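> any chance you can model this:
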Amino acid sequence: MKNKTLLAALIVATVAIACSLLAAADLLAFPREATASLRWLAILLFAFYATARRSLTTWIFVGLLAGIELGYDAPALAAKQQFLGNIFLRLIKVIIAPLLFGILVTGIAGHADLKKVGRLGWKSLVYFEVVSTIALLIGLAAINISKAGESVHAPLATGETLNVTPHSATQIITDIFPENIAKSVAEGQVLQVVVFSILFAMGLLLVPEAKRRPMLTFAESLSETMFKFTNIVMYAAPIGIFGAVAYTVGHMGLSVLLPLLKLIATLYIAFAVFIVCVILPILWWARIPLGKFVQHSVEPVTLGFATASSEATLPRAMEEMVAFGVPRETVAFVLPTGYSFNMAGASIYQALGLIFVAQAAGMHLTWGQQTMMMLLLLISSKGTAGVARASFLVVFAAATSFHLPMAPLFLLFAIDQIMDMGRTAVTVLGNCVACVVIARWEGELADEAGAHV
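Sure, this is the predicted structure:
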């Protein structure tokens, strides 16, 4: 009975939205007040559905719709809701430094056993970095070709200014290194936090095991705590999205939504290019039977698209790769490591998302500046697979580091679920490919009869 009620609410909400859109296009003879009432009815029904399902994703969608509607119906009132987005913004900012420190120290110092793994370790890491870099470049090229952010013209928040003064090469290199880690955290210098964390982890690797273990345990505990902290903060996302989108639509009108559709199309085209121009040639080069690989990878990839969770696919992906013929010990090393170092779908999204924010701010970036942004993304994204909305957090941190405006980030977050589904599926596919390719590289890939081929 409950499911039927929810389905009915969803159908009525969809019909109400459809009628409202038809009326707005003058295809139905409804007065303006009636169409506005239909839209608010649809939003309330979606809210009822989200409450019954306890779905954060649906609540984010409700916040997006309510913000758009308020900005359209009452621009003056919508302009006063900016503080809701600012509160959510502060909660996100406070996460970044401890989260990056925890995951980078754990990811580097926690893999001291890579020395024991030998060839498998360095081959995996080289493969991961090459593929991730290519993915970043594809995302960068896609957004520079489509220029999806240039028509946004996002408004600046109160007291917010743009820092578009180009720095010299020596100044850029100098600014990478922290002089005071507390100052770096306070000023949002994310790259400095990353460099400090990497050097700290390298120093930790040189400490004897007995003294390294307590600090590593602390870093692991900090990472897990920040994961939970992030989950808590995300409960405020619908309210933050509502306030930020209401403020943006109130200032700019509904035209701000068109670049978002263009951005989604750009992202999925970039995914297709990556699969056709990178994944397929790698499989061909490694002499992997395509039909058999598709048969064993389609289930984890589909699961990743449906759940938008890389971790949810890990057990099934491991089973399928073992069934494909990859030794269990190779699968046990490559797949989990890949979820920290080989997030191809996330890399495409992060490059595309960060440049979208810069374009929306009206910034004309040189190739040197874009290269620095890609370097920051390449480093700071490692180890974030277990974090809710991890890729968005990485883009947020990079945007903060380069003093980009916050308004486009809220637009990016509002459509994050749609983008997350695709990037998760591509990431899962990329890790399955890495598994079979590295097994072939090691001469360990077995055929149907169990013989190594």
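> residue ranges of the helices in the stretch 351-453 of the chain, please?
367-380, 390-401, 407-414, 416-441 (DSSP state H, counting those that start in this stretch).
> which one of the ones you listed lies nearest to Glu320?
Closest of the helices of the stretch 351-453 of the chain to Glu320 is helix 416-441, at 7.4 Å (criterion: C-beta to C-beta). Bear in mind the C-beta positions are built from the backbone N, C-alpha and C, glycine included.
> so where is the stretch 301-450 of the chain shaky, pLDDT-wise?
Residues of the stretch 301-450 of the chain that meet the criterion pLDDT under 70 lie in 306-312, 314-315, 332-333, 336-337, 339-340, 380-390, 446-450.
> coming back round to it: got CSV for the helices of the stretch 351-453 of the chain, with distance to Ala246 too?
Shown next, in CSV, are the helices of the stretch 351-453 of the chain (distance: least, C-beta to C-beta, whole Å):
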stretch, distance to Ala246
helix 367-380, 29
helix 390-401, 20
helix 407-414, 10
helix 416-441, 18
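> go through these and name the closest to Ala344.
Ala344 lies closest to helix 416-441 among those, at 3.8 Å (C-beta to C-beta).
> buried residues in the closest one?
Residues 416, 418-440 are the ones in helix 416-441 that count as buried (16 or more other C-beta atoms under 10 Å).
> distance from the chain centre to it, please.
Taking C-alpha atoms, centre = their mean, to the nearest Å, the mean C-alpha location of helix 416-441 is offset from the chain mean by 14 Å.
> now do stretch 138-154
Mean-position distance between stretch 138-154 and its chain equals 17 Å (C-alpha atoms, centre = their mean).
> please work out the average pLDDT along that stretch.
Stretch 138-154 shows a mean pLDDT of 83.
> start the count at 421, not 1, going forward
Let's use 421 as the start, then, which means that last one is stretch 558-574.
> and it, which residues are buried?
Across stretch 558-574, burial judged by 16+ other C-beta under 10 Å covers 558-560, 562-563, 566, 568-569, 572-574.
> show residues contacting stretch 497-515.
Contact partners of stretch 497-515, identified using C-beta atoms under 8 Å, 6 or more residues apart in numbering, comprise 487, 490-491, 577-578, 608, 646, 649-650, 653, 656-657, 659-664, 666-667, 669-671, 813, 816, 820, 826, 830.
> please apply the same query to stretch 480-496.
Applying C-beta under 8 Å, 6+ apart, the contact partners of stretch 480-496 are 456, 459-460, 462-463, 466-467, 470, 497-498, 501, 657-671, 673-674, 677, 833-834, 836-837.
> so which of those residues belong to strands?
Using DSSP state E, the subset of the contacts of stretch 480-496 located in strands is empty.
> just want the most central residue of the protein.
By C-alpha atoms, centre = their mean, the chain has its centre lying nearest to Ser811, at 2.2 Å.
> which residue is the nearest non-sequential neighbour of that residue?
Counting by C-beta to C-beta, 6 or more residues apart in numbering, Ser811 lies nearest to Ala766, which is 4.4 Å off, once chain neighbours are set aside.
> how far away is the residue nearest to the centre of the chain from Thr820?
The gap separating Ser811 from Thr820 is 15 Å, by C-beta to C-beta, to the nearest Å.
> swap in Cys855?
The gap separating Cys855 from Thr820 is 35 Å, by C-beta to C-beta.
> touching, Val857 and Tyr547? I think so.
Yes: assessed by C-beta atoms under 8 Å, Val857 is found in contact with Tyr547 at 6.9 Å.
> one step back: so the residue nearest to Ser811 sits in a strand?
No: using DSSP: H, G, I helix; E, B strand; the rest coil, the assignment for Ala766 is helix, not a strand.
> returning to what we had before: how about the helices of the stretch 771-873 of the chain, which one is nearest Leu700?
helix 836-861 (9.5 Å).
> what angle do that closest one and helix 810-821 make?
Counting by axes from the mean of the first three to the mean of the last three C-alpha atoms, to 10 degrees, helix 836-861 lies at 110 degrees to helix 810-821.
> quick one, helix 836-861 and helix 827-834 angle?
Orientation check (the same axes, to 10 degrees): helix 836-861 against helix 827-834 gives 70 degrees.
> and Val857, what is it in contact with?
Each residue near Val857 by C-beta under 8 Å, 6+ apart is listed here: 547, 702-703, 706, 708.
> flag the shaky bits of the stretch 521-670 of the chain, pLDDT-wise.
By pLDDT under 70, the low-scoring segments of the stretch 521-670 of the chain are 527-528, 530-541, 573-593, 595, 608-611.
> tell me which residues of stretch 817-832 are tucked away?
For stretch 817-832, by 16+ other C-beta under 10 Å, it's 817-822, 824-832.
> tell me the contacts of Ala555?
Neighbours of Ala555 in contact, by C-beta under 8 Å, 6+ apart: 694, 698, 764-765, 767-768, 771, 850.
> with that, I have no additional questions.
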